[in-house]
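Colleague: Okay, sequence plus prediction incoming.
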Amino acid sequence: MTAVFRISLVLMLAGMGMGDIVVASVGLLGLCAGAVVLSIRQDAVAQPARESEFIA
């Protein structure tokens, strides 16, 4: 997954440097998609729910 982040970051920076909005947008899209995937993977390993201490 780190390789995807690095490639996307390089694409975004290269696009910004060249003034090419399409390349920069593809790099930004890759960074955002990688962050979403990473967030979903972290949420999948959630801790089991505890019993509530609240008693009515």
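Modeller: It's in.
Colleague: Break down the chain into its helices, ranges please.
Modeller: Along the chain, counting by DSSP state H, helices occupy 2-18, 21-44.
Colleague: Can you give me the buried ones in the longest one?
Modeller: Within helix 21-44, the residues that qualify as buried are Val23, Ala24, Gly27, Leu28, Gly30, Leu31, Gly34, counting by 16 or more other C-beta atoms under 10 Å. To be clear about C-beta, it is placed using only N, CA and C from the backbone, and glycine gets the same treatment.
Colleague: how far away is the residue nearest the centre of the chain from Gly15?
Modeller: Taking C-alpha atoms, centre = their mean, the centroid of the chain lies closest to Ala35, which sits 0.6 Å from it. The gap separating Ala35 from Gly15 is 18 Å, by C-beta to C-beta, to the nearest Å.
Colleague: What of Ala56?
Modeller: For Ala56, the distance to Gly15 - C-beta to C-beta - is 57 Å.
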